[in-house]
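# Any chance you could fold what I've pasted below:
(one chain, ligands or ions: 2)
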Amino acid sequence: MLNSILEQGSYMILADFERQQHVLDLARRLIADAVESLNGPTARLELQRQGLSMLHHAITPEQIGPLRDRVMPVLRPALLDMVCRIGRLLGIEGEFFVDDYTILRINFPYMVAREATRVAENPGIGRVDNSTRQQSDARKVVDPDYNPKAYHNNEPPAAWAHGAHRDTWTGHSRLGVNLWWAVDDVPEEASMVFYPGTLHGAYEPDKRSLYLAEGYPLPKPSKMSLRRGEMLVFNPEVLHATHLNTTAITRLALSARINPLRPRFSPMCFYAREYWHSSSNIEAGHFDRILRFEREEHLEPTVERTVAPPAFPELVQVQAACSDSSWERVCDSSKLENGGKLRVQFGRENVLLMRTSSAVFACQAKCPHLGVSLADGFHDDNQVFCPAHGLAYDLPSGHSSCQALRLQTYDVEERLGGIWIRASNRANVDVAA
Ligand code: FES
Ligand SMILES: [Fe+2]
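Ligands and ions are numbered 1, 2, ... in the order given. Got it, this is the predicted structure:
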């Protein structure tokens, strides 16, 4: 199984494994303890009554960081021990390595998180052992191009979500195996988004975000729900992202990483996760013995990937100004093949045309969440998927699972051998460049 994860990008869901219930109970109890220590016994009782997925009723987004600071140091040894056993379950013999950096992922519902202040922590931020925290903070390098605030449109960090990426783009080791563990039930629309078949594709990150650059069309995303206690095991070099949490519940997951070999890093990222535990130390109960693999001494050349991604849709310029009443001819019908997309500059509006098996649809070309180009997103007969955070937009209506995020749509007609569009149902959204 390990080989198929590493070489083919397969993934698996572990439903039953050693120490699963023990560590799950511990994690859930520590979260409840932290809620009590932050907001008192009534908050804990209320959380027990409503369930852990209502954590956003028990703490504020600003308390996510302090909660992690209380939970992670206590949970760490049991978590590392369980992760090490999973390495053996996957068939790793001999010594292997477990990343010191582990993440308690707390994603409040997007509509709640986006009201947070700037001090509320990003859901993707992890913790290292207290003994390495200072060293690892001191090793942090600032890259002048990297600007996650700009990518996230200045939304508060609590509302941030990972765009499509490979983990080596963000300082993680090569040949890693990621463990992503549901602390409570995780519905599809608060889960991970996967792009099967992308392991060997020649994709590049945008240096400003370290997420997939514009111009690489993606295949259909796989979204999967997990039940409490289930663990997803996957190759983080397969493109993956965080689904924008459009549900009404808080997503709770723990993530960790195994490296079957000594960690090595890609020079493409300006920093590296250098602190690791060896399986032999963990198995001997030495959770405080941490090894450092210094980035500069453990770089590996960037892997040459040979499969070129499909071509980016062509851009057609239409001079006419967009108005509610007039139809404008955009292009010959033959320009838009079945399943294809065409980008149209329609006056000052950016429009995306998509042909399905039955019709042509037109909508604003950029996702209203963070303005990522939908031209890179997969579409089928019913939906177009945002290539950043997997949100699905209904093709006729432009609606998504988030009430605040809706696409402007356009009326489309095909006649006289051409495709004609006009603005429809103006939803008061800005669709300009
Ligand atoms: S940019 Fe986030 S869902 Fe589209
Ligand atoms: Fe990742």
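
# gap between residue 342 and residue 136?
For residue 342, the distance to residue 136 equals 47 Å [CB to CB, to the nearest Å]. C-beta: built from backbone N, CA, C; applies to glycine.

# Looking at the two now, which is surrounded by more residues?
Neighbour count, other CB atoms under 10 Å: between residue 342 and residue 136, residue 342 has more, with 22 against 19.

# The more buried one falls within a helix, correct?
No. Under DSSP: H, G, I helix; E, B strand; the rest coil, residue 342 sits outside any helix and is assigned strand.

# need the contact list for the closest residue to it other than its chain neighbours.
Leaving aside its sequence neighbours, residue 342 sits nearest to residue 353 (CB to CB, 6 or more residues apart in numbering; 4.4 Å). By CB atoms under 8 Å, 6 or more residues apart in numbering, the residues touching residue 353 are 330-331, 336, 341-344, 360-362, 412, 419, 421.

# Now, of the residues you listed, which are buried?
330-331, 336, 341-344, 360-362, 412, 419, 421 (16 or more other CB atoms under 10 Å).

# Walk me through the domains of the protein.
2-297, 315-423 (automatic domain parsing).

# buried set for the helix or strand of the chain at the bottom of the mean pLDDT ranking?
Taking mean pLDDT, DSSP states H and E as the measure, strand 315-318 is the helix or strand of the chain with the lowest mean score, a mean of 72. The neighbour-count check on strand 315-318 (16+ other CB under 10 Å) flags 316, 318 as buried.

# Could you list the paired strands of that strand along with their orientation?
Paired with strand 315-318 in the same sheet, following DSSP bridges, are strand 341-346 (parallel).

# any idea of the mean pLDDT for the partner strand?
Mean per-residue pLDDT for strand 341-346: 90.

# host element of the closest residue to residue 282 other than its chain neighbours?
Nearest residue to residue 282 in three dimensions, chain neighbours excluded: residue 84, at 4.4 Å (CB to CB, 6+ apart). Residue 84 is part of helix 64-89 when elements are defined by DSSP states H and E.

# Which strands and helices lie in contact with that helix?
helix 20-39, strand 97-99, strand 103-107, strand 251-259, helix 279-283 (3 or more CB pairs under 8 Å, 6 or more residues apart in numbering; DSSP states H and E).

# and these as TSV, adding mean neighbour count and mean pLDDT?
Below are the helices and strands packed on helix 64-89 laid out as TSV (neighbours: other CB atoms under 10 Å; pLDDT from 0 to 100):
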stretch	mean neighbour count	mean pLDDT
helix 20-39	18	98
strand 97-99	25	97
strand 103-107	24	97
strand 251-259	24	97
helix 279-283	18	98
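
# among these, which is nearest ligand 1?
Of all the helices and strands packed on helix 64-89, strand 103-107 sits nearest to ligand 1, with 13.2 Å by CB to the nearest ligand atom.

# Restrict the helix or strand just after that closest one to CA atoms and write it as PDB.
Helices and strands here follow DSSP H and E; after strand 103-107, the next one along the chain is helix 110-113. The C-alpha coordinates for helix 110-113 follow below in PDB (Å, rounded to 0.1, in the frame of the first residue of the first chain):
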ATOM      1  CA  TYR A 110     -16.700  30.500   6.800                       C
ATOM      2  CA  MET A 111     -19.500  32.900   7.600                       C
ATOM      3  CA  VAL A 112     -18.400  33.000  11.200                       C
ATOM      4  CA  ALA A 113     -14.700  33.000  10.500                       C
END
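
# that older thread, output the helices and strands packed on helix 64-89 as TSV; include the columns distance to ligand 1.
Output for those, formatted as TSV (distance: least, CB to the nearest ligand atom, whole Å):
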stretch	distance to ligand 1
helix 20-39	27
strand 97-99	27
strand 103-107	13
strand 251-259	15
helix 279-283	37
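
# hang on, residue 118 packs against residue 156?
Yes. Using CB atoms under 8 Å, residue 118 is in contact with residue 156, at 5.7 Å.

# So between the two, which is more surrounded?
More crowded of residue 118 and residue 156, by other CB under 10 Å: residue 156, with 20 against 11.

# The more buried one: what's it in contact with?
Per CB under 8 Å, 6+ apart, neighbours of residue 156: 61, 113, 114, 115, 116, 117, 118, 120.

# separation between it and residue 121?
Computed as CB to CB, the residue 156 to residue 121 distance reads 10 Å.

# before we move on, back to that, can you list the helices and strands packed on helix 64-89 in CSV and add distance to residue 176?
Output for the helices and strands packed on helix 64-89, formatted as CSV (distance: least, CB to CB, whole Å):
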stretch, distance to residue 176
helix 20-39, 21
strand 97-99, 8
strand 103-107, 14
strand 251-259, 5
helix 279-283, 14
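
# Any idea which of these gets closest to residue 189?
strand 251-259 (9.5 Å; CB to CB).

# What is that closest one packed up against?
helix 64-89, strand 97-99, strand 103-107, strand 177-182.

# Quick check: which ranges of the stretch 1-150 of the chain have low pLDDT?
Flagging of the stretch 1-150 of the chain using pLDDT under 70 yields the residue ranges 138-140.

# which residues sit in contact with the closest residue to ligand 1 within the stretch 51-200 of the chain?
Closest approach between the stretch 51-200 of the chain and ligand 1, counting by CB to the nearest ligand atom: residue 161, at 6.6 Å. If you count contacts by CB under 8 Å, 6+ apart, residue 161 has them with 107, 110, 123, 124, 241, 242, 243, 244, 245, 388, 389.

# Residue 218 versus that one, what's the distance?
16 Å.

# Residue 234 too?
17 Å.

# So which of those two has more stuff around it?
The neighbour count for residue 234 versus residue 218, taken as other CB under 10 Å, is higher for residue 218 (25 against 20).
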